[in-house]
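Peer 1: Sequence below, structure please.
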Amino acid sequence: MVTMWIFLTRRLRLWLFFALGAPVLSWVLGKVGDRLEARKGPTRASRTLQQGRHWLQRRSRGPLARRGTHR
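Peer 2: Numbering: from 1, shown residues only. Here you go, the predicted model:
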């Protein structure tokens, strides 16, 4: 399976990351940040997780990318 990545171009690998990996990772960061904030109130860690979510959402592309306005 790992050797298949050799045959994919660098541009395709980057697109796959930004189309699939970034939106999923931003969702996970947001959920963890929301839970932490709900449990302990706004903390430095929860704000950092929320900033990570917004940073990744701005860079996401493809079918899983968020469209429209931010929450």
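Peer 1: and the end-to-end length of stretch 10-27?
Peer 2: 25 Å (Cα to Cα, to the nearest Å).
Peer 1: Same question for stretch 18-27.
Peer 2: First-to-last residue span, stretch 18-27, Cα to Cα: 13 Å.
Peer 1: Quick check: buried residues in it?
Peer 2: For stretch 18-27, burial by neighbour count (16 or more other Cβ atoms under 10 Å) applies to 18, 20, 22, 23, 26, 27. (C-beta placed from N, C-alpha, C; glycine too.)
Peer 1: and what of stretch 25-39?
Peer 2: 26, 27, 29, 30, 32, 33, 36, 37.
Peer 1: What helix or strand is the last one located in?
Peer 2: With the criterion set as DSSP states H and E, the secondary-structure element containing residue 37 is helix 22-40.
Peer 1: Please list all residues in contact with the residue positioned nearest the centre of the chain.
Peer 2: Residue closest to the average C-alpha location in the chain (Cα atoms, centre = their mean): residue 26, at 2.5 Å. By Cβ atoms under 8 Å, 6 or more residues apart in numbering, residue 26 lies in contact with 52, 53, 54, 55, 56, 57, 60, 66.
Peer 1: before we move on, back to that, I'd like the buried residues of stretch 18-27 laid out as CSV, including pLDDT.
Peer 2: What follows is the buried residues of stretch 18-27, written out as CSV (pLDDT from 0 to 100):
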residue, pLDDT
18, 78
20, 83
22, 82
23, 84
26, 87
27, 88
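Peer 1: In this protein, where is pLDDT below threshold?
Peer 2: By pLDDT under 70, the weakly predicted segments of the chain are 1-7, 62-71.
Peer 1: Okay, helices next: where are they in it?
Peer 2: 4-7, 10-16, 22-40, 44-59 (DSSP state H).
Peer 1: Among the buried residues of stretch 25-39, which one lies nearest to residue 10?
Peer 2: Residue 10 lies nearest to residue 26 out of the buried residues of stretch 25-39, by Cβ to Cβ, at 22.5 Å.
Peer 1: count of neighbours near the residue nearest to that closest one when sequence neighbours are not counted?
Peer 2: Leaving aside its sequence neighbours, residue 26 sits nearest to residue 56 (Cβ to Cβ, 6 or more residues apart in numbering; 3.6 Å). Residues lying near residue 56 (other Cβ atoms under 10 Å) number 22.
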